[in-house]
Each structure stands twice: as C-alpha cells, then as structure tokens.
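Enquirer: let me see the structure of the following:
(one chain, ligands or ions: 1)
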Amino acid sequence: MSATILVVEDEPAIQELISYSLRQARHEVFCAKSAEQALDIVNNVLPDLVLLDWMLPGTSGVEFARVLRRSARTKSIPIIMLTARAEESDKVAGLEIGADDYITKPFSPRELLARIKAVLRRRSPEAADDIVEIGGLRLDAATHRVTANENEVALGPTEFRLLHFLMTHSERVHSRSQLLDQVWGDHVFVEDRTVDVHIRRLRKALEFSGKDALVQTVRGSGYRLSSAPTATM
Ligand code: CA
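Expert: Predicted coordinates for the structure are as follows:
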C-alpha cells in the first residue's frame, strides 16, 4: 500500500528519520517544516495522509489541522498527530480537532508505519493492497490483476481504478460527481459524462464473463457495484 504522505515537522532529524522510513516503505513523501509551507504543498498536491507535529513555529499543528478540516477539499484527509506531549488531555484535544490518530515521541519507524497503514485502511479501503472478490469478480490491487471466474480481464488504468473503487465500496450508490472526486481525483475538471464513458468501457471489458451485470445503473442517482440482482434499472 503506497500513499502520498505529507510530513509536517520542524525538527530536521525527526523529519529526516520519518521521511526515510516512509520512502523505504514505498510511500511518496512531501516534507514541510511549518504549517505555512505545508499549506503551499497541499494547495498543489492533495496527500493521502498528513503526519502533523503538534508544536510548530508559527501556526501550530492543531491550528493547521483545523484549517484542513474547514476546507471541503482537505477535510477528509486523514491526520496523524505527532507529539512530545503524553498527557491525556492533549490526546483528547488532538482527537477533538479531528485527528485520526495520535503518536507520542519517541516512536519507532515500525510503529509509525503500522499506524499509517491502519489509518489508511480505515479511511480508504481502496488504498490497501488487498484482494477484493465479489460475485466471481476478483481484483488484486497489489498485482493490478482482475479476473472474472478465473479468466483474466484486460482493463485500462481508469477502468481499473473505477472498478477498484466500486468493489471496495460495493452495495452503495455513488453519484457521478462522487466518482469523479474519488476515482479521477482532485483538481481534475472533467464532465460528469466522462464517468458514463468509462462505465461503458468497464462493462464492455466484463461482458464476456457476464460480470458486467455487477456494475449497476441506479437511475437518477449514479452507479453501484452489487452482487444482488438489480431492481432499479
Ligand atoms: Ca516540533
């Protein structure tokens, strides 16, 4: 599971240690030594997770977390607070501002990676290198392979991401704009119709196996992946 991670930490030695460990674990890392610098980075690249030091020069980590939570674009980015404080009241304050987890320094790289993995898995199951299987359709995120009743399905990169998202969030209906946000990502301006085009391609790729029926249209709402027969076509 590799993710784009923003490390906001003003102590160079700790920043170095964290970014080294994250890169070793195949994560893409951006580093900032202040909240102001972090905001510049976030304006360009939307990270999958933020590691945020509590005590920063200038704007504090807690204040920066509030800034992220206030904006629609950044409010759902998982945040892990890093802190030298071990008091219970600080932990509560950190969680109240919407941090997903809290690590007290000193921590081992192994512990940090485990916490990151847990948060990412909880917040975005599609980021995990897991195998999902629904109704005879199987997607292996680690090897990028999709099979339908054990026959390989050839998919383009967008169709793969679309299917991955739908399979990891199955049974729920997703509107076109939700799919654009989740699959095409941030800062991308494409028409809602683009979703229909890729759904059509995805179904076509699955047609030979009959698994195209798993990708269901919910009239007036959007799309859903379900192994239950459709009633709303
Ligand atoms: Ca600090």
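Enquirer: show me where the protein has strands.
Expert: 4-8, 28-32, 49-53, 79-83, 101-104, 131-134, 137-140, 145-148, 151-153, 215-218, 222-225 (DSSP state E).
Enquirer: of all those, which one is nearest H174?
Expert: For the strands of the chain, the distance to H174 is smallest for strand 222-225, at 5.0 Å, taking Cβ to Cβ. Where you see a C-beta, it was placed from the backbone N, CA and C, and this is true even at glycine.
Enquirer: which of the strands of the chain sits closest to I41?
Expert: It's strand 28-32; of those, that one is closest to I41 (Cβ to Cβ) at 5.1 Å.
Enquirer: what's in contact with the closest one?
Expert: For strand 28-32, the surrounding residues in contact (Cβ atoms under 8 Å, 6 or more residues apart in numbering) are 2-9, 15, 19, 22-23, 38, 40-41, 45, 47.
Enquirer: ok, of these, which come out buried?
Expert: 3, 5-9, 15, 19, 22, 38, 41, 47 (16 or more other Cβ atoms under 10 Å).
Enquirer: from the residues you listed, pick the one nearest the ion.
Expert: E9 (6.3 Å; Cβ to the ion).
Enquirer: surely that closest one is in contact with D53?
Expert: Yes: using Cβ atoms under 8 Å, E9 is in contact with D53, at 4.4 Å.
Enquirer: that older thread, which stretch in the strands of the chain has the least confidence?
Expert: Ranked by mean pLDDT, the strands of the chain bottom out at strand 101-104, which scores a mean of 88.
Enquirer: flag the helix or strand of this protein with the lowest per-element mean pLDDT.
Expert: helix 88-96 (a mean of 69; mean pLDDT, DSSP states H and E).
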